[in-house]
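Colleague: Would you be able to build a 3D model of this:
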Amino acid sequence: MNSEHELLPALQRYWGYETFRPLQERIVRSLLDGHDTCVVMPTGGGKSLCYQLPAALSTKTAVVISPLIALMQDQVAQLSQMGIAAALLNSSISAREQTSVMRNAAAGQYRLLYLSPERLARADTAEWLRTLPLSFFAIDEAHCISEWGHEFRPEYRQLRRLRQQFPECPIAAFTASATQRARHDIIAQLELRESHNYIASFYRPNLHYLVKQSDSPTQPDMLLRAVRKHAEGNVIVYSPTIARVGQTVDFLEENGIPAVPYHGRMEPDERRRNQERWMSNEVRVLVGTLAFGLGINKEAVRAVIHLSLPKSVEQFYQEAGRAGRDGLPADCILLWQKRDVGLLTHFIQQIEDGAEKRRAWQRYHEIRAFVDSNSCRHRQICAHFGEKTKWEKCSACDVCGCDLAWLTEAAPALKSSKEARPAKSRKAAVAADSSIGVDPDLREFLREWRRTTAKRQLVPAYVVMHDSSLDDLCRKLPRTLEEVRRVSGFGEKKTEMYGPQILEALMEFRKKGKVVDRATA
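Modeller: Residues are numbered from 1 along each chain as shown. Next up is the predicted model:
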């Protein structure tokens, strides 16, 4: 591979974007030039594009190692709609489909092939991969390979064999949250050679970190206040146990706030259905355990609320970082209780491996120091990941003066029957939509069109169109396919697939006399 490719035309053709985000172009060029690469980029920074674009420009196949079947399915669906040949190989597809994928891969028909670490660990898989025209390996969620990573998974350790099995093939590691120690371990475990390392800033100025100690009587009221304050966007509530997930969903619904649960013991179809209802804005609040989050590509999340002390600073940063991916202000609220300390220490005491127990205690002391400290939350997080900051205060956390009065003032809980969507929430949503130049009626009309189209195609709504693209569509009001092509997120293939339908839908909406035409405005 070489770096002579014109990258911007490819970015526009496939993704429909005019420019790269910070670091993306440099990372893409590193992979095109055949370098081993280690990338640490916060949630929402656009990591997947960094390996998908060079793969799309190659004549060979990039193998992507991903820990979640649902994540692989969604990425393959999105790539297919962009006109990039991709496939996955795991237990979610039939033996017949697996045979077909393997045959097509051997013929070099895919630019990206997604595998689980368990599948890659099989001897027959490695043997078969040697027959493929490989461009590079991309390891997603790479912190899982490090014992210093907050989500260490033993099966990821098998990836150490890649260098010996495929000595000529470049390896790229991607993660959203890895400390300096974990980064060094990732590079050592994968035996990366003279790797090009790209570490984005861990400072997310649009996020407000709000840490508040609560107790059993006060936490429910704080939760209600936080959810109601963010009526204009989606909310994620992280619960420490499966039992608490159910209790929290029931509590919210008793108070007129529709919510869906998400945890590891649910049937996969129900879990996916709930995630899709939340992703497509049918229900704006999702209550989940740690099982929820990896690979979630939702931009307009206005709040992430933790109902217990996370087990590490990295875990909190990664989960809280699912808020505000659109760059707009969002709140990351940690409502911890003293009893959380007992639960965390209990789990640590159950660990039999001495080294792992020491690491768990270190993570525990770090998260306790974080919540107990009187220094800037943003600064603490940056320091935790080895980033030096020149500022002392951020004005975007509770320590630096962010207003917490709305969260702590006493107010009675409003109990009502389970409503489809509270009127108060709808009004707030309309006001928020108007403030960013989007007609709320048109947005709701196009959301419904997107939902119907996605159901017909059996794909998640965001595979058809992301929220940011939908908003840009509302602003630009295209009348021709060429104008659809100028909407953010609409590459050639997506314009070809959906352009005529979108123009038809907009014409139908115009007939109702609700759209002010740009030409006559």
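
Colleague: drop to CA atoms for contacts and neighbour counts, all remaining ones
Modeller: OK.

Colleague: For the stretch 401-521 of the chain, which segments are assigned as helices?
Modeller: Secondary structure of the stretch 401-521 of the chain (DSSP state H, counting those that start in this stretch): helices located at 405-408, 423-435, 440-457, 461-464, 467-476, 481-484, 492-511.

Colleague: mean confidence score for the second one?
Modeller: Just to be clear, that refers to helix 423-435. Averaging pLDDT along helix 423-435 gives 38.

Colleague: Ok, the longest one next?
Modeller: Averaged across helix 492-511, pLDDT comes to 94.

Colleague: starting at the chain centroid, how far to that helix?
Modeller: Its chain's C-alpha centre and that of helix 492-511 lie 28 Å apart, by CA atoms, centre = their mean, to the nearest Å.

Colleague: now it and helix 440-457, what's the angle there?
Modeller: Angle of helix 492-511 versus helix 440-457, following axes from the mean of the first three to the mean of the last three CA atoms, to 10 degrees, is 130 degrees.

Colleague: For helix 492-511, list every residue counted as buried.
Modeller: Residues of helix 492-511 classed as buried by neighbour count (16 or more other CA atoms under 10 Å): 492-496, 498-499, 502-503, 506-507, 509.

Colleague: could you dump the helices of the stretch 401-521 of the chain to CSV with distance to residue 124?
Modeller: Shown next, in CSV, are those (distance: least, CA to CA, whole Å):
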stretch, distance to residue 124
helix 405-408, 56
helix 423-435, 53
helix 440-457, 34
helix 461-464, 33
helix 467-476, 41
helix 481-484, 46
helix 492-511, 36
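
Colleague: now what about the host helix or strand of residue 236, what contacts it?
Modeller: Using DSSP states H and E, residue 236 maps to strand 234-238. Outside of strand 234-238, the residues within contact range by CA atoms under 8 Å, 6 or more residues apart in numbering are 227, 278, 281, 284-290, 300-308.

Colleague: I'd like the next helix or strand past it.
Modeller: Next along from strand 234-238, by DSSP H and E: helix 242-254.

Colleague: What is that next one packed up against?
Modeller: strand 259-262, strand 285-288 (3 or more CA pairs under 8 Å, 6 or more residues apart in numbering; DSSP states H and E).

Colleague: can the ones you listed go into JSON lines with extra columns for mean pLDDT?
Modeller: Listed next are those as JSON lines, based on pLDDT from 0 to 100:
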{"stretch": "strand 259-262", "mean pLDDT": "95"}
{"stretch": "strand 285-288", "mean pLDDT": "96"}
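
Colleague: now the ones you listed in TSV, with distance to residue 364 and mean neighbour count?
Modeller: Below are those laid out as TSV (distance: least, CA to CA, whole Å; neighbours: other CA atoms under 10 Å):
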stretch	distance to residue 364	mean neighbour count
strand 259-262	25	24
strand 285-288	22	26
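
Colleague: okay, those in a markdown table with distance to residue 74 next?
Modeller: Below are those laid out as a markdown table (distance: least, CA to CA, whole Å):
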| stretch | distance to residue 74 |
| --- | --- |
| strand 259-262 | 17 |
| strand 285-288 | 19 |
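
Colleague: so which of those gets nearest residue 211?
Modeller: Nearest of the helices and strands packed on helix 242-254 to residue 211, taken as CA to CA: strand 285-288 at 18.9 Å.

Colleague: Just after the closest one, pick out the following helix or strand.
Modeller: The element immediately downstream of strand 285-288 (helix or strand, assigned by DSSP H and E) is strand 301-306.

Colleague: got the angle for that following strand vs strand 234-238?
Modeller: Interaxial angle of strand 301-306 relative to strand 234-238 (the same axes, to 10 degrees): 10 degrees.

Colleague: Once you drop chain neighbours, what's closest to residue 246?
Modeller: residue 261 (6.7 Å; CA to CA, 6 or more residues apart in numbering).

Colleague: Enumerate every residue touching that neighbour.
Modeller: Residue 261 neighbours (CA under 8 Å, 6+ apart): 245-246, 249, 271, 274, 286-288.

Colleague: In what element of secondary structure is residue 25 found?
Modeller: Assigned by DSSP H and E, residue 25 belongs to helix 24-32.

Colleague: For that helix, give me every contacting residue.
Modeller: 1-3, 7, 36-37, 39, 46-47, 49-51, 53-54, 136, 170, 172, 196, 198.

Colleague: Buried residues in that helix, which are they?
Modeller: Applying 16+ other CA under 10 Å to helix 24-32 flags 24-25, 27-32 as buried.

Colleague: Stretch 247-266 now?
Modeller: 248-263.

Colleague: Check the gap between residue 117 and residue 94 for me.
Modeller: From residue 117 across to residue 94, the span is 19 Å (CA to CA, to the nearest Å).

Colleague: neighbour-wise, which of those two wins?
Modeller: Shown here are residue 117 and residue 94; by other CA atoms under 10 Å, residue 117 has more neighbours (21 against 11).

Colleague: mind checking how far residue 44 is from residue 190?
Modeller: Counting by CA to CA - residue 44 and residue 190 are separated by 25 Å.

Colleague: Between those two, which has more neighbouring residues?
Modeller: The residue with more neighbours, out of residue 44 and residue 190, is residue 190; 24 against 20, by other CA under 10 Å.

Colleague: Look up phi and psi at that one.
Modeller: Phi and psi for residue 190, reported as degrees, to the nearest 10, are phi -90, psi 0.

Colleague: Next up, the contacts around it.
Modeller: Counting by CA under 8 Å, 6+ apart, residue 190 touches 159-163, 171.

Colleague: Roughly how far does it sit from residue 175?
Modeller: Residue 190 is 14 Å from residue 175, by CA to CA.

Colleague: same thing with residue 110?
Modeller: 24 Å.

Colleague: before we move on, what about residue 32?
Modeller: Taken as CA to CA, the span from residue 32 to residue 175 is 19 Å.

Colleague: again with residue 149
Modeller: Taking CA to CA, one finds residue 149 at 10 Å from residue 175.
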